[in-house]
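Undergrad: Structure, please.
(2 chains)
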Protein chains: 2
Amino acid sequence: MSPMFVPGPVDVDPEVLSAQSQAMLPHRSQEFETIYRRAREKARQLFDTEALVFVVTCSGTGLQEAAIRNLAKQDVLSCVNGAFSQRWYEVAKTNGKQADRLEVEWGQPITPQIVAEALKRKEYDLITLVHNETSTGVQNPIQEIAALVRRASPNTLISVDAVSSLGGIKIEMDAWGLDMVLASSQKCLALPPGLALAAVSDRALACAQKVPERGWYFDLVRMETHLNKDSTPATPAMSLIFALDLQLDRIINEGLEKRFSRHSAMAGLVQDWVLANGFEIFAQEGYRSQTVTTVNNTLNLDIAELNTFLMSRGMRIADGYGKLRGSTFRIAHMGETQISDINNLLAALDEFIA
Amino acid sequence: MSPMFVPGPVDVDPEVLSAQSQAMLPHRSQEFETIYRRAREKARQLFDTEALVFVVTCSGTGLQEAAIRNLAKQDVLSCVNGAFSQRWYEVAKTNGKQADRLEVEWGQPITPQIVAEALKRKEYDLITLVHNETSTGVQNPIQEIAALVRRASPNTLISVDAVSSLGGIKIEMDAWGLDMVLASSQKCLALPPGLALAAVSDRALACAQKVPERGWYFDLVRMETHLNKDSTPATPAMSLIFALDLQLDRIINEGLEKRFSRHSAMAGLVQDWVLANGFEIFAQEGYRSQTVTTVNNTLNLDIAELNTFLMSRGMRIADGYGKLRGSTFRIAHMGETQISDINNLLAALDEFIA
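TA: Below you'll find the model as predicted:
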């Protein structure tokens, strides 16, 4: 495995890759239903929730669309401080919702204060928040924001994109009062892309029943009906569910707290190196991601050249995303990446700069 | 491989299963883009088209939703003669379209005549047709219906669900004048589930630009923009695309005409056996599917008991679908299933009945 320090798709353990190669089963068979049920049950631990966990064949954006189509009759407050929260806003608009964009400068966090101001102006059906912005490396204070929303606007449903945090950063869905937490397989969960997971609160599922035109593929009410039979409305990506089932065992065996500590320790190493070498971190201090660091390219490194060098050592990092391309680069420290991998990367970076 | 005579997920060749286990790549890398481009180019042969082929991480139903959200501003003519054409109607309704249901008795085909009558009553943006109804084993005369629609209502876009026919039955998208043909990976293509493919005509893509509220995940216009960069809007199911790339080589190496003949020959064997053994075929003569046979269970076989017997020989068939459960059973003859497999199945069925 040649380590990729890119924020997804990340490297997948060979044993988990191989789990995909198991023979197919009829999806409406007891054999498959058993695997599907136990994978979903295990996945609950990642969200720290008693809520139902749905596993859907799509990318994380698919479940951003599910949140919009199911949880908002009309008014959405879209909190934006990076490319993926901006995308969620676009998902709301293209689905015909009345979405208000609450944007702060990229690199800055969404704070409870600015959300409080916005909630004074209108009653929203739904607020969309990205936990960890993969483009900027900002980790938003979801727990604090959720507490504010529950106090200031108790009927507003709270949906959180945890695409690049679930399985790498502690999330307590029930304790924090979140209504829908979604993630995709190819980030901290270290699975191939193609699956997305969401935990959805009972009150959110009850609200969904009253939202018209939810569509079919992302209809959470339909999914819930099938889930009660350990099934899915449409044929699921079976190979990926085989892999999910195994990888969740591996994650639970590592221990969630240990896994979160590993991510945090890797973030510390990378961020210390960045600051010690004359770069700046794009994200404001106090809100720096534990899974991906976006670096201001103050030394004007040629990222393509850097990656050619790194790939000769079997590694690679990521360019900046979207409008941050060129002016930043990104080092992911998520999934199965270990402290020793990070040390090897930083040594290679030292060598390149020297 | 223990042969499953179920209409999807079907058995996948071990070499293709293993192709899923290749190491991940960044999806916005030249390495992946090359694989993605060549897989899409090869897939065109299945549709016999010069149109763009999209590969999307979802089930076939996801692309039924894409057809509805992109190709119909308002009025949809939903032709229904089975569970999956009924589903497409529900997809249209749940997405807020004005859908008219044109239903014939299940087991009967949709004919150009009844479509002609419906087209006299209203001008439709879109007609939805299922080529091969996996629930009833009816193969609708798409070529004839499309010719009628093009004459009688030239502005109506023609979308065809070829979920259980693409790669098993000849489809000539361009020659027949179809606008969108969709299929999923786990039927005649003999891949694991999780991918869906669609070829979309230029005029359909042009129409899509004028349809509001197409959403994000299934927006064909967005997909087209990314396709021009050999990319996808969202992270694709990479392992399944690795498998698709290999399986398309295998299909092309077999030869498409040879593959269609094999499916047709298997259908003939099964249907002859059915009639010779006192059963009836659910689908009307002249419209019987080349990929799956739905059998009226006139001998009142206990299907669970039959499958227990078959599974002791490493085989299984499928119960009837939805409202046809119990009164029918289904034998699939699609994908990598060979004539010799069918002969083994029929011998086992003989033994069970005896």
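
Undergrad: where exactly do the helices run in the stretch 101-250 of chain A?
TA: Assigned by DSSP state H, counting those that start in this stretch, the helices in the stretch 101-250 of chain A fall at A:112-121, A:142-152, A:173-176, A:202-208, A:220-227, A:238-254.

Undergrad: Quick check: which of these is buried the most?
TA: helix A:238-254 (a mean of 21; mean count of other Cβ atoms under 10 Å in any protein chain shown). Bear in mind the C-beta positions are built from the backbone N, C-alpha and C, glycine included.

Undergrad: Just the angle for that helix relative to helix B:238-254, thanks.
TA: Here helix A:238-254 runs at 150 degrees with respect to helix B:238-254, directions being taken by axes from the mean of the first three to the mean of the last three Cα atoms, to 10 degrees.

Undergrad: Helix A:238-254 and chain B, are they touching?
TA: Yes - counting by Cβ under 8 Å from any Cβ of the partner chain, contacts between helix A:238-254 and chain B involve A:238-240.

Undergrad: Mind giving me the packing neighbours of that helix?
TA: Taking 3 or more Cβ pairs under 8 Å, 6 or more residues apart in numbering or on different chains; DSSP states H and E as contact, the helices and strands that helix A:238-254 lies on are helix A:14-19, helix A:30-47, strand A:52-57, strand A:195-200, helix B:238-254.

Undergrad: possible to save the ones you listed as CSV with mean pLDDT?
TA: What follows is these, written out as CSV (pLDDT from 0 to 100):
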stretch, mean pLDDT
helix A:14-19, 98
helix A:30-47, 97
strand A:52-57, 98
strand A:195-200, 98
helix B:238-254, 98
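
Undergrad: Looking at the nearest residue to A:Val115 once chain neighbours are set aside now. What's its pLDDT?
TA: Using Cβ to Cβ, 6 or more residues apart in numbering or on different chains and skipping the chain neighbours, the partner closest in space to A:Val115 is A:Ile145 (5.4 Å). Here, the pLDDT recorded for A:Ile145 equals 98.

Undergrad: Look up how far A:Asp100 lies from A:Ile145.
TA: Taking Cβ to Cβ, to the nearest Å as the measure, A:Ile145 falls 16 Å from A:Asp100.

Undergrad: Name all residues that make contact with the residue nearest to A:Val115.
TA: Taking Cβ atoms under 8 Å, 6 or more residues apart in numbering or on different chains as the contact definition, A:Ile145 lies against A:79, A:110-112, A:115, A:129.

Undergrad: Now for chain A, the helix or strand with the poorest mean pLDDT.
TA: strand A:4-5 (a mean of 92; mean pLDDT, DSSP states H and E).

Undergrad: How far off centre is that strand?
TA: The offset between the C-alpha centroid of strand A:4-5 and the centroid of the whole chain comes to 17 Å, using Cα atoms, centre = their mean, to the nearest Å.

Undergrad: which regions of chain A lie under the pLDDT threshold?
TA: Across chain A, the ranges flagged by pLDDT under 70 are A:1-2.

Undergrad: export the longest helix seen in it as PDB, just CAs?
TA: Ranked by number of residues, the top helix in chain A under DSSP state H is helix A:256-276. Coordinates of each C-alpha in helix A:256-276 appear next as PDB, following Å, rounded to 0.1, in the frame of the first residue of the first chain:
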ATOM      1  CA  LEU A 256     -13.000   4.400  18.800                       C
ATOM      2  CA  GLU A 257     -11.300   6.500  21.400                       C
ATOM      3  CA  LYS A 258      -7.900   5.200  20.400                       C
ATOM      4  CA  ARG A 259      -8.800   5.900  16.700                       C
ATOM      5  CA  PHE A 260      -9.800   9.500  17.500                       C
ATOM      6  CA  SER A 261      -6.600  10.000  19.500                       C
ATOM      7  CA  ARG A 262      -4.500   8.700  16.600                       C
ATOM      8  CA  HIS A 263      -6.200  11.200  14.200                       C
ATOM      9  CA  SER A 264      -5.600  14.000  16.700                       C
ATOM     10  CA  ALA A 265      -2.000  13.000  17.200                       C
ATOM     11  CA  MET A 266      -1.400  12.900  13.400                       C
ATOM     12  CA  ALA A 267      -3.000  16.300  13.000                       C
ATOM     13  CA  GLY A 268      -0.600  17.700  15.700                       C
ATOM     14  CA  LEU A 269       2.400  16.300  14.000                       C
ATOM     15  CA  VAL A 270       1.400  17.700  10.600                       C
ATOM     16  CA  GLN A 271       0.400  21.100  12.000                       C
ATOM     17  CA  ASP A 272       3.600  21.500  14.000                       C
ATOM     18  CA  TRP A 273       5.700  20.600  10.900                       C
ATOM     19  CA  VAL A 274       3.700  23.200   8.800                       C
ATOM     20  CA  LEU A 275       4.300  26.000  11.300                       C
ATOM     21  CA  ALA A 276       7.900  25.000  11.900                       C
END
